[in-house]
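Q: Fold the following for me, if possible:
(2 chains)
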Amino acid sequence: MLRMLVLKDLLRARRNPLPWLIFLFVPLVTVGLIGAIFGGGGKNTQLISRIRLGVVDEDDSILTRILRGAAGRQPAEADFLEPVFLSRAAALKQIDDNQLSAVVILPKNFTSDYLHGRPVTLELVKNPAESIKPTLVEEGAGILVVGLNGLSRNFSAQFGDLEAEFSGDREFRAWSRVFERIDDNLQRLEKTRPGLAWYTKGDAKGPAKPAAAGMGREMFGYMLLGLPAMFLLFLGSIGIADLHREVELHTLVRFQTVRASLAPLLVSKVAFAFVMLVLCAVVMFGGGALAFGVTWKHPLTLLILVLGYVLFVGGLMAFIVALIPDQRAADGMRTVAGMILGLAGNCAMPLDQLRGAAGIAGFFADRIMPAMPTYWFANTARTLEFGSTAAPWMLATAKLVLLGAGCLALATWLFHRRFLAGVRA
Amino acid sequence: MPLLRADQLSKRFGELVAVDRVSFHVGEGEIYGLLGPNGAGKTTTISMLCGLLRPDGGGVQIDGRDFWADPQAARRIMGVVPQEIALYEELTGRENLEFWGRLAGLEPRAARARADEVLTALSLADRAGDPVKKYSGGMKRRINLGCALLHHPRLLLLDEPTVGIDPQARLNILEFIRGLVADGMALLYTTHYLEEAESLCHRIGIIDHGRVLAEGTLAELQRGLGDARIFVMEGRFDGAAPEAWPGFGERFRVMQRSERQLVVAAPAASDPADCLKQLLALPVQLENVSLKRPSLNDVFLQLTGRELRE
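A: Purely as a prediction, here's the structure:
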């Protein structure tokens, strides 16, 4: 009978799929939209679309020409910068016309002042109409300044020679002697002054390898494990809310005139919600990964974790329906619960960045957020797929399963009490 | 032995006594009508008969056995047609019939064959594959009725099965019900339509405020009025005081009065012509006086002091 009841509900869902489709595709579309803004899917792995950067070279020395040349020869993989070389007036006009994200101005005597150890100032003009791209340019300018300062501290002895080379018209052999001395200096520096801090990407097992997917895909993956987790709550809500629909359609009453026990109907609703959630999870996590080019490193473990999460969602929603007999009130409560759990559980926004912060934000991130079942799922799944430490997936799954089973037991007890009191005919 | 026996059924909802010691029985091949206005306690009574509600007092016997001794066995004997349409709108008529048939215990093949029979009997075979949401009100009512028939019940409980449908659809359903009874089925039929009770039911129980006020065949109920002659007077009765009219109280009994109408009963032995003369001589401005035989509505009027349609 259970099979027949579930098949009946699946058939009804197939005939009226709109509520399911909406909540199924909203997270995928959202992931796609955010991806389109911050980076492309598929083969395009850039973090952000091309930045059109104006460069004004008022110095026009050999060094600035080299810098300009370097800026113009971006490797294909890092094709995120489109430098445009302009006069100051033309550059500022293009900023006004919103054609440039920012302008970097190399001032007159830049090379001479720099090589003589005199302070130099790069001028940066940001487009006030944009937010992200000018900020990225500013960050890049900061890195350039740090690099130039580092060079001046370590190679000031060679700067005199370089200045002479840049200002005169020396032959190639003289150039090579200068670079030989720089190379010797570099090798000595490596032995005597090892870097204090280095940056690399890797995991606990060994040194970093270039990620096949790239940062853009990691971001898709990060979001794919969060937003769908939130929307699974809403999908579970639809599945279990079908119990209210049975009351509304009076089919629950008719069921009671045919069968002495309502237990099969209740169990079938949970089973139906479970089946639908698993199907939706497959579409969202599997289909989403295919659509955005994300490769799950631990698909089986992730599947187990998803099943545990799905059980939790089904149990929670059944509990809310059992707790609140009024359909409208229950609908509202399920939606609110889904939103709170989704948002507070770090599913939609990277709230974990608030951890360690002062005040209520820190208290929330350190104490409240880790207690959310949605966080157990999303955080564990993200650690599993993208983290550098081992993910406690078994513990998270066990917690989700136990909580889901507890909710189901409570829901059964509440329904039993309600039906003993009598359902309106 | 009756197939259904309700014995002193009672149900309270807080302070409200919804059903108060209601007793009746229904035999095979019989239609028992429970006639009463909205809120009289018909649906609560049927809910107790089919196990949706547990009575606070009294009991229900199905085929001689207490309902609650084996509720599932009792349910197998009966089919219930709820007052509201209780169908899955996304499913087709056939799918609904098959589903409820299978839930009642039929095997898939038997449910399919029986669904075909019922669809044909209900004249819905040509629309069997359409989703129920595309059906008219009358068609939904027919499928609603059909869903209770899949498992060949011996007892059918119908709770106002013709509410909200057009006269033609109502006639079709009533005709179908008559056919069921001809095959030996026992039927409990609740309604607030006098015409349905008069034309369909073998015996009628009049229920109001949770109590059965009278019970019997239509003729028996009419005889309860003592073969009285009913006069319906139309005119202006606002401010009139019939009890003060000389000799009126000895010859007539007021059954109902309003500003425009006064209904009175005269003893059967009285001469209609004399009654008419006496009525026309009353100190009130009359526009019309008519004589009629007592109807079920008059019986209800006599018992409750108000019309069923109020």
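
Q: what sits against the closest residue to chain A within the stretch 201-310 of chain B?
A: Residue nearest to chain A within the stretch 201-310 of chain B: B:Gly210 (15.0 Å; Cβ to the nearest Cβ). Bear in mind the C-beta positions are built from the backbone N, C-alpha and C, glycine included. Contacts for B:Gly210 (Cβ atoms under 8 Å, 6 or more residues apart in numbering or on different chains) come out as B:Lys11, B:Val17, B:Ala18, B:Val19, B:Asp20, B:Val22, B:Ala40, B:Gly41, B:Thr44.

Q: burial of residue 223, as a residue count?
A: Unless you meant another one, I'm taking chain A. Each residue near A:Met223 was counted by other Cβ atoms under 10 Å in any protein chain shown, and the total is 25.

Q: switch to chain B, that's the one I care about
A: Using other Cβ under 10 Å, B:Arg223 has 14 neighbouring residues.

Q: And B:Leu3, by the same measure?
A: Applying other Cβ under 10 Å, we find 23 residues neighbouring B:Leu3.

Q: same question, A:Pro373
A: 22.

Q: Equivalent analysis for the one 5 residues further on, please.
A: Taking other Cβ under 10 Å as the criterion, the count of residues near A:Ala378 is 27.

Q: same thing with B:Ala6?
A: 27.

Q: does it have beta-bridge partners, and which?
A: Here B:Ala6 sits in beta bridges with B:Phe24, B:Val60, going by DSSP bridges.

Q: so what's residue 114 up against?
A: You didn't pick a chain, so chain A it is. Neighbours of A:Tyr114 in contact, by Cβ under 8 Å, 6+ apart: A:Leu63, A:Val120, A:Leu148, A:Ser152, A:Phe159.

Q: meant chain B actually
A: For B:Arg114, the contacting residues are B:Leu97, B:Gly101, B:Leu106, B:Leu150, B:His151, B:His152, by Cβ under 8 Å, 6+ apart.

Q: list the contacts for the second one?
A: Read that as B:Gly101. B:Ala110, B:Ala111, B:Arg114, B:Ala115, B:Cys147, B:Leu150, B:His151.

Q: part of a strand, is the third one?
A: No: residue state for B:Arg114 (DSSP: H, G, I helix; E, B strand; the rest coil) corresponds to helix; a strand is not indicated.

Q: Would you check how far apart it and chain A are?
A: 14 Å (Cβ to the nearest Cβ, to the nearest Å).

Q: And the strands in the stretch 1-150 of chain A, which stretches?
A: Secondary structure of the stretch 1-150 of chain A (DSSP state E, counting those that start in this stretch): strands located at A:51-57, A:81-85, A:102-106, A:123-126.

Q: How about residues contacting the shortest one?
A: Read that as strand A:123-126. By Cβ under 8 Å, 6+ apart, the residues outside strand A:123-126 that reach it are A:54, A:91-92, A:95, A:101-105, A:107, A:134-135, A:137-138, A:141.

Q: and what of the longest one?
A: Strand A:51-57 is contacted from outside by A:64-65, A:68, A:71, A:80-88, A:91, A:94-95, A:99-106, A:125, A:133, A:136-137, using Cβ under 8 Å, 6+ apart.

Q: Most neighbours among the contacts of strand A:123-126, which one is it?
A: Highest neighbour count within the contacts of strand A:123-126, by other Cβ under 10 Å: A:Gly54, with 27 neighbours.

Q: Quick check: pLDDT value at that one.
A: On pLDDT, A:Gly54 comes in at 88.
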